[in-house]
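Trainee: Got a predicted structure here, sequence first:
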Amino acid sequence: MLASPLALLAGDARAGGGAPEHGPGAAIAECYEFTVIPPLGIAGESGQRLVDLNENGVVLLHALPHHTPWYRGDAQQTAFVFAGKVRPVVVDGLLQTRAVDINDRDEVLVFGAKNPGVLPEWSEAVIWRHGELVARIASPPGTAFTDGAINERGHLVLETRAPRVYRWRGQALEDLDMQHFTVFNDADEVFDDAGTKWGDHRSELPTTCSEVRHLDLSISRHGTLAGMLYCDDLDWPNAVLVTWPEGQFTRLADETEWTELWGVTDRGDIIGETFDDFVLPVAWRHGETVRLPRPPSTYAGFYADINEHGLMVGAFDRREAVDFEGDDPDSYLFAVSDGTRVKQLPLPDPLVGYLDPIAGINDRGDIVGCVDDMGYDYRTMIWLPRPAAACP
């Protein structure tokens, strides 16, 4: 059962600590300066895909060529950063690159290959910062990297095609005896979707399951965990929303509909989506599932990210009806909300696509969004908050 909309997200900050109530990014801006990131400059470019946004406002992007250059085996260094202007992440000796992650020290994790193509072998993980090479790590013999993350220490978690998970803390790769990872925190702890945790040793997150079927984890900027827990003794899709304050298992809510987590803050604000005829944005607070407001004239959507002040950014579909049988593209708009008010963000028109949009917001209130345009031209957009005096 969904409760009626409540101003939960900003209202509990005084009681829970976390980010300050006032300052940049703490409230919906009077207006937003809107920019569509220009083409990044690779051969045969079809657009760019948003990878991440850090707290300094640096956007990490992955350029997307049409398949022709890759099929020919042309070299393509496709990792870029944008902070007012486009800058390529260039690594000598690598013929193809892929943007993976960025931290708040502007250190970028990039995968590299020496054999360009549609399915390259990502044989190296590289840390790059402000034009300088910080570290270069070779993949284990006989395999290649497939996923990874970098934390605020500049340490890495790396997943290989085997599948196998490794941790890098400035020296040799550590084999963690895990197949996949979901979360990597600034304490160098690695978590997977079965509740396994690797810190200095292997352990299991405490739960009440006889056996964990699946654990969908989300982590805040400073390490607060929330999870949607699926137990073998619960009928699918029944799940339990859980957290671990100070390492103690806490059951927050029982969910009987399909539900997905999208974000959690240091003070425990949790956002996600649920399905009730169509996708609805929700939050959880004090054991209640709360329906969040969405922009007028939209039928479905979700808030994809939340900052430490409780501001959320999301994407919503403007169509009046759902055609599950057809191939009509969605017509998206992006919006920012504080849990009570909603402000639609300026957009290029039309903005339609076939794939799920991506959106992010940092504690300064900088917002990024990405969606494919009619399935072939990916657009990445930035909205920077501006005070009333700077608004038209």
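Mentor: Sure thing, it's come through.

Trainee: Can you name the residues that contact Gln48?
Mentor: Ile37, Pro39, Leu40, Leu61, His62, Ala63, Leu64, Phe80, Cys370, Tyr378, Thr380 (CB atoms under 8 Å, 6 or more residues apart in numbering). Using the backbone N, CA and C atoms, a C-beta is placed for each residue, glycine as well.

Trainee: What is the nearest of the residues you listed to Ala99?
Mentor: Nearest to Ala99, judged by CB to CB, of these is His62 at 4.3 Å.

Trainee: which residues are contacting the helix or strand that closest one falls within?
Mentor: For His62, the host element (DSSP states H and E) is strand 59-65. With contact meaning CB under 8 Å, 6+ apart, strand 59-65 is reached by 37, 40-54, 76, 78-83, 98-99, 101-102, 108, 368, 378, 380, 382.

Trainee: just to revisit the earlier point, just the buried subset of the contacts of Gln48, written out for ChimeraX, thanks.
Mentor: To isolate the buried subset of these in ChimeraX, counting by 16 or more other CB atoms under 10 Å, use the following:
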select :37,40,61,62,63,64,80,370,378,380
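
Trainee: Dump the contacts of Gln48 to TSV, plus pLDDT and distance to Arg341.
Mentor: Listed next are the contacts of Gln48 as TSV, based on pLDDT from 0 to 100; distance: CB to CB, whole Å:
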residue	pLDDT	distance to Arg341
Ile37	91	27
Pro39	88	35
Leu40	90	35
Leu61	95	30
His62	90	33
Ala63	88	36
Leu64	82	35
Phe80	95	34
Cys370	89	24
Tyr378	75	30
Thr380	90	26
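
Trainee: Endpoints of stretch 151-165, how far apart?
Mentor: 16 Å (CA to CA, to the nearest Å).

Trainee: Please apply the same query to stretch 260-269.
Mentor: Stretch 260-269: ends 15 Å apart by CA to CA.

Trainee: swap in stretch 169-189?
Mentor: 11 Å.

Trainee: And for it, what's in contact with it?
Mentor: 135, 137, 140, 147, 149, 151-155, 157-159, 163-168, 190-193, 196-199, 202, 215-219, 222-223, 225.

Trainee: Among those residues, name the ones in strands.
Mentor: Among the contacts of stretch 169-189, the subset assigned to strands under DSSP state E consists of 135, 137, 147, 149, 157-159, 164-168, 190-191, 196-198, 202, 215-219, 225.

Trainee: Make a PyMOL selection of whichever of the residues you listed turn out to be buried.
Mentor: Buried members of the ones in strands among the contacts of stretch 169-189 can be picked out in PyMOL with the line below, counting by 16+ other CB under 10 Å:
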select buried, resi 135+137+147+149+157+158+159+164+165+166+167+168+190+191+196+197+198+215+216+217+218+219+225
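
Trainee: okay, and for this structure, where does confidence drop off?
Mentor: 1-24, 67-75, 319-330, 349-355, 373-377 (pLDDT under 70).
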